[in-house]
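> fold the stuff below for me.
(4 chains)
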2 protein chains.
Amino acid sequence: MVHTITEHEVLTAVLRVGDLDSGRPRLHVLLWQRAREPQLGRWSLPGGLLRGNEDITASARRQLAEKVDLREIAHLEQLAVFSAPDRVPDVRTIASTFLGLVPSPADPELPSDTHWHPVDDLPPMAFDHETMVAHAHSRLVAKMSYTNIGFALAPTEFILSTLRDIYSVVLGHQVDATNLQRVLVRRGVITRTGTTARSGRSGGRPAARYRFTESQLRVTDEFAALRPPGWVGLES
Amino acid sequence: MVHTITEHEVLTAVLRVGDLDSGRPRLHVLLWQRAREPQLGRWSLPGGLLRGNEDITASARRQLAEKVDLREIAHLEQLAVFSAPDRVPDVRTIASTFLGLVPSPADPELPSDTHWHPVDDLPPMAFDHETMVAHAHSRLVAKMSYTNIGFALAPTEFILSTLRDIYSVVLGHQVDATNLQRVLVRRGVITRTGTTARSGRSGGRPAARYRFTESQLRVTDEFAALRPPGWVGLES
DNA sequence: GCAAAAGTGTTGACAATACACCCATGG
DNA sequence: CCATGGGTGTATTGTCAACACTTTTGC
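This next block holds a predicted model:
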C-alpha cells in the first residue's frame, strides 16, 4: 500500500445577519477571494492547515484571528468532515469544518480580500466550499428552533422587532414578534432589561429592551415526544 | 514551523440493543481488545487509518467489514472529530468518529477479540474512546425522539412490546407502549403488516406486527416552535 | 371462567399560532 | 387626534402522558 501525504485543513463558515437597520436584512457568510491557482479568483471559506500543537477548534480560532482578523466569535461549533479523495487537486486534503457566529452590529475591520456575502446569493466558490456553507446554514436553522443560539447573532441588548428580523432572516420566513417574545420568555431564553428604546422616526410606542439570559449554547426545547415519565418542563 | 507527520484514523461506535428477549435488554457497543502496546489489553472502537483512495465513510465501512467482519450496518453517520494533539502517544493522530447501528436480532459472527459491551458498564477503554462512546450514545438518544432512527435498531418485523423495549433501553427510561404506538403511527414512522404474532407463553391477546415504513433516516418531528406561518404538518 | 397481554378511548396539561384589541409615542 | 409601531389577552388547535377500559387469547 502506498503511503501518500495527507494534509488536514480547518475551514469555518462564519455567519452574520447584515444590513439589519437598512430595510432588507440578509444572512451573510465571510468569504475570502483566492489570489493564486488553483481556482484563482474564486471565493473560499477562511481557514488553513492544522498545526501540530493545536486541536481543530484552536486552529479555527487562530486562522480567523490571523487571516481575517476576526477575534470576536460568539459561537463556534464543529460541523462535518469533508474527505472526498479528490476534493482538492494534487495533495490529499481532509477538511474539518466549523460553524462560527458573529453578533450583528459588530462590523469588524476586514482585510481587503475578504467580504461578507449573502448566503442565498453566493459568488463562484472554490472546491466544495459551497456545500459547506449550505451545511452551516441548515445547522443554524435547525438550532434556532430548539436552542438559544440566537444570542450569538443578536446585539447584547435589542428590541423585539430587531430580534424578529434576525430570526426571520435566518429561518427564511416571516416570524411573528408577538409569539417569538412569548416563546423565548417562557423558555427563559431572553430577559427584559427594564430600559426602553426611544420610538422610531415615525412615532409608535417605545419598545422594551431585552437581552439573552445566557451566552452559552443551551438546548431550550427538549424533546417533546418520548420524554421521561413524570417530566416537568424547565424545573429551576 | 516544524512539519510533523499527521495520521488520520476513522473510528466507529457500533451500537445495538442486545439481550432483547432475555428479560433485561441492554444497549451494547462493539469493542475490540488491543493486543499490543500502547494500552495493551484495553478496549477500543473498531477502526483504523484512512487510506488515500477512500473518503471517511467508505473507510468506516471497510474497517468494519475487514476487522470485525460486520457488513450489515443499518445506519452510519458522522459524529465528531477528536484532535487533541496528545490524544494518542507518539504520532499525531486525528480521529473522525462515526455512529453505526445494527438491528437487534442480527448477531453476526465476530472475531475472538471483539465483543459487545454494555454502554453503561464499559471496560477500561483505550485513549479517548470512552468519550466517543458517550458522544455516540447521546446522539442516538437525541435522534430517537425526532427521527425514525429506530428502524436501524429494530427487527424488520416486530411487535410493539419489543419496540417499547428497544426505545426504553436506548432512552434509559420506561416508555409506554400505548403512547409509543400512537406517536409513531401518527407520524407514519411505523405501519401494521396485517399479520399478528402468536400470543406469549401465558396467554394474552396476540400482538399485531409492525414494520418501519422507511429504512432511511428521516426527520419526523419537525421543529415545534417557530415553524413557518400556515404550517400544516406531514402534508401527504 | 380467569388471568394475562394488546390495544382503544378519554382526559387533562401544556405549548404554540393566530388574531383582536389596548397602549404609548411623534408629528 | 391620528398614524404607527409595541405589547397583551384570548380562542383555537394540536400533541402528549396517564390511565381506565375493552378485546382477545391460553389454560
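
> C-alpha only now, for contacts and for neighbours.
Noted.

> ok, residue A:27 - contacts?
With contacts taken as C-alpha atoms under 8 Å, 6 or more residues apart in numbering or on different chains, residue A:27 has the following neighbours: A:15, A:16, A:17, A:18, A:118, A:119, A:120, A:169, A:170.

> among those, which are in helices?
Among those, the members falling in helices are A:169, A:170 (criterion: DSSP state H).

> inside strands: which ones of the contacts of residue A:27?
Judged by DSSP state E, strands contain the following of the contacts of residue A:27: A:15, A:16, A:17, A:18, A:118.

> name the nearest residue to the first one, sequence neighbours excluded.
This means residue A:15. Closest residue to residue A:15 apart from its sequence neighbours, by C-alpha to C-alpha, 6 or more residues apart in numbering or on different chains: residue A:29 at 4.6 Å.

> going on from the longest helix seen in chain A, what's the next piece of helix or strand?
When chain A is parsed with DSSP H, its longest helix is helix A:129-146. Scanning forward in sequence from helix A:129-146 by DSSP states H and E, the next helix or strand is strand A:158-159.

> for that following strand, what does the pLDDT average out to?
Mean pLDDT, computed over strand A:158-159, is 94.

> report whether it contacts DNA strand C.
No - for strand A:158-159, no contact with DNA strand C is found by C-alpha under 7 Å from any atom of the strand; the gap never falls below 14.6 Å.

> and the contacts of stretch A:195-207?
Stretch A:195-207 is contacted by residues A:159, A:160, A:208, A:209 when judged by C-alpha under 8 Å, 6+ apart.

> end to end, how far does it reach?
Counting by C-alpha to C-alpha, to the nearest Å, the length from the leading to the trailing residue of stretch A:195-207 is 9 Å.

> what residues does chain A put near chain B?
Contact residues (C-alpha under 8 Å from any C-alpha of the partner chain) of chain A with chain B: A:3-4, A:6-7, A:52-56, A:78-81, A:83-85, A:92, A:96, A:142, A:145-146, A:173-175, A:180, A:183, A:223-226, A:228-229.

> does DNA strand C have contacts with the longest helix of chain A?
No - on the criterion C-alpha under 7 Å from any atom of the strand, helix A:129-146 is out of touch with DNA strand C, staying 8.0 Å away.

> that helix: which residues count as buried?
Neighbour-count burial for helix A:129-146, counted by 16 or more other C-alpha atoms under 10 Å in any protein chain shown, picks out A:129-130, A:132-133, A:135-137, A:140-141, A:143-146.

> tell me what it is packed against?
For helix A:129-146, the elements it packs on are strand A:6-18, strand A:92-101, helix A:160-171, judged by 3 or more C-alpha pairs under 8 Å, 6 or more residues apart in numbering or on different chains; DSSP states H and E.

> distance of residue A:191 relative to DNA strand C?
16 Å (C-alpha to the nearest atom of the strand, to the nearest Å).

> which SSE is that residue in?
When elements are assigned from DSSP H and E, residue A:191 belongs to strand A:190-196.

> any stretches of chain A with poor pLDDT?
Residues of chain A meeting the criterion pLDDT under 70: A:1-3, A:200-201, A:203, A:233-236.

> just to revisit the earlier point, narrow the contacts of stretch A:195-207 to those that are buried.
Looking at the contacts of stretch A:195-207 with 16+ other C-alpha under 10 Å, the buried ones turn out to be A:159, A:160, A:209.

> which among those gets closest to residue B:104?
Taking C-alpha to C-alpha as the measure, residue B:104 lies nearest residue A:160 of the buried ones among the contacts of stretch A:195-207, at 49.4 Å.

> nearest residue to the closest one other than its sequence neighbours?
In space, not counting the residues next to it along the chain, residue A:160 is nearest to residue A:177; the distance is 6.5 Å by C-alpha to C-alpha, 6+ apart.

> list the contacts of residue A:193.
The contact partners of residue A:193, by C-alpha under 8 Å, 6+ apart, come to A:157, A:208, A:209, A:210, A:211.

> swap the cut-off to 6 Å and go again
Neighbour list for residue A:193: A:209, A:210 [criterion: C-alpha atoms under 6 Å, 6 or more residues apart in numbering or on different chains].

> roughly how far apart are it and chain B?
24 Å (C-alpha to the nearest C-alpha, to the nearest Å).

> got it, and residue A:38?
Distance, residue A:38 to chain B, by C-alpha to the nearest C-alpha: 21 Å.

> doesn't that residue fall inside a helix?
No - with DSSP: H, G, I helix; E, B strand; the rest coil as the criterion, residue A:38 is coil rather than part of a helix.

> next, count neighbours for it.
Number of residues near residue A:38 (other C-alpha atoms under 10 Å in any protein chain shown) recorded here: 13.

> in contact with it, which residues?
The neighbourhood of residue A:38, defined by C-alpha under 6 Å, 6+ apart, contains no residues.

> apply 10 Å and report the result again.
A:88, A:89, A:90, A:126, A:127 (C-alpha atoms under 10 Å, 6 or more residues apart in numbering or on different chains).

> how far away from the center of its chain is the helix or strand hosting residue A:64?
With elements taken from DSSP H and E, the one containing residue A:64 is helix A:56-68. Between the centre of helix A:56-68 and the centre of its chain there are 15 Å (C-alpha atoms, centre = their mean, to the nearest Å).

> do stretch A:198-214 as well
What separates the centre of stretch A:198-214 from the centre of its chain is 24 Å, taken as C-alpha atoms, centre = their mean.

> re earlier: filter the contacts of residue A:27 down to the buried ones, ChimeraX style.
In ChimeraX syntax, the buried subset of the contacts of residue A:27 is picked out as below (16+ other C-alpha under 10 Å):
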select /A:15,16,17,18,118,119,169,170
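
> can you list the contacts of residue A:27 in a markdown table and add distance to residue A:66?
Rendered in a markdown table, the data for the contacts of residue A:27 read as follows (distance: C-alpha to C-alpha, whole Å):
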| residue | distance to residue A:66 |
| --- | --- |
| A:15 | 18 |
| A:16 | 19 |
| A:17 | 23 |
| A:18 | 23 |
| A:118 | 23 |
| A:119 | 23 |
| A:120 | 27 |
| A:169 | 29 |
| A:170 | 28 |
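
> flag every residue of chain A that's near DNA strand D.
A:159-161, A:178, A:199-200, A:202-209, A:224-231.

> what's around the closest residue in space to residue A:64 that isn't next to it in sequence, how many residues?
In space, not counting the residues next to it along the chain, residue A:64 is nearest to residue A:70; the distance is 5.3 Å by C-alpha to C-alpha, 6+ apart. Each residue near residue A:70 was counted by other C-alpha under 10 Å, and the total is 19.

> for my notes, confirm residue A:70 occurs in a helix.
No - with the criterion set as three-state DSSP, the secondary structure at residue A:70 is coil rather than a helix.

> can you spell out which residues form a bridge with the closest residue to residue A:97 other than its chain neighbours?
Ranked by C-alpha to C-alpha, 6+ apart and with sequence neighbours excluded, the top spatial neighbour of residue A:97 is residue A:11, at 4.8 Å. Beta bridges link residue A:11 to residue A:47, residue A:97, judged by DSSP bridges.

> still on that earlier bit, now that we have the contacts of residue A:38, which one has the most neighbours?
residue A:126 (19 neighbours).
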